[in-house]
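Asker: Sequence and predicted structure, then a few things I'm wondering about:
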Amino acid sequence: MLYPLHSSSLRFAIEEQYPPGVDWSDDDRVPVSWTWASEARLPQPDGSEPWVTLSKGQVASADYETLLQITGGWADALGELIAREEALTADPITDEGVRSSGPGRTFLA
């Protein structure tokens, strides 16, 4: 399970898949594939935040480079998202060219 450093609302899950009949107690087990899922918490009106799958897939064990590329793509996209969020400002608009016209409406002069 991969999480961003300062957030717990996104994650990337990878799970090994084994042939039927092979369990965790078998020291010689070898995965036949990996499943992966990109997930995010989705706030609900009742206050709960269940995990929702955004994308998912399965990769054969011999194709581990594809799994690494998918995981790297998720990390890169997450890094870009974090950079965009950090670039946002919460400063109020103080331009004198802004005026209000009508109830609750704002127009630029």
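Answerer: Perfect, thanks for sending it.
Asker: switch to C-alpha atoms for all contacts and neighbour counts from now on
Answerer: OK.
Asker: Could you measure from residue 71 over to residue 28?
Answerer: 26 Å (C-alpha to C-alpha, to the nearest Å).
Asker: neighbour count winner among those two?
Answerer: The neighbour count for residue 71 versus residue 28, taken as other C-alpha atoms under 10 Å, is higher for residue 71 (19 against 8).
Asker: doesn't that one fall inside a helix?
Answerer: Yes - applying DSSP: H, G, I helix; E, B strand; the rest coil, one finds residue 71 inside a helix.
Asker: give me the number of residues near residue 87?
Answerer: Quick note: residue 87 (other C-alpha under 10 Å) scores 9 neighbours.
Asker: Just list the residues touching it, thanks.
Answerer: Applying C-alpha atoms under 8 Å, 6 or more residues apart in numbering to residue 87 gives no contacts.
Asker: Tell me if residue 76 really is in a helix.
Answerer: Yes - under three-state DSSP, residue 76 sits within a helix.
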